[in-house]
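S.K.: quick one: sequence and predicted model below, then my questions.
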Amino acid sequence: MPADSFSTDADIIHRAYEDRIRDLFKIFAEAVQTGEPEREAVVRFQRALNTARRVREAAMEAAKPPA
């Protein structure tokens, strides 16, 4: 694996993470707009954000070249 492939993998992971956060925000905004209690929507949004962050960090760790 070329040395710069991690950089490429990292870029892809970060772009996918950005896309996921955009999607989560849209879902959150739609829930609030359609009358879902805001507190419930916030809790679900926070849970999803935390999961997305954990997955991003796990993916970044897995993409590192072996030592």
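M.R.: The structure has been received and is ready for your questions. All values reported here derive from a predicted model rather than from experimental measurement. Numbering: from 1, shown residues only.
S.K.: got any ranges where the protein has weak pLDDT?
M.R.: Applying pLDDT under 70 to the chain picks out residues 1-6.
S.K.: pretty sure residue 21 sits against residue 49.
M.R.: Yes - Residue 21 is within contact range of residue 49, at 7.2 Å (criterion: Cβ atoms under 8 Å). Backbone N, C-alpha and C define where each C-beta goes, glycine included.
S.K.: for residue 49, which non-adjacent residue is spatially closest?
M.R.: Using Cβ to Cβ, 6 or more residues apart in numbering and skipping residues adjacent in sequence, the residue nearest residue 49 is residue 24, 6.4 Å away.
S.K.: then residue 31?
M.R.: residue 41 is the one closest to residue 31 (Cβ to Cβ, 6+ apart), at 4.2 Å.
S.K.: try residue 45
M.R.: Residue 45 sits nearest to residue 28 (Cβ to Cβ, 6+ apart), 4.2 Å away.
S.K.: tally of neighbours for the one you found?
M.R.: 19 (other Cβ atoms under 10 Å).
S.K.: good, we can wrap up now.
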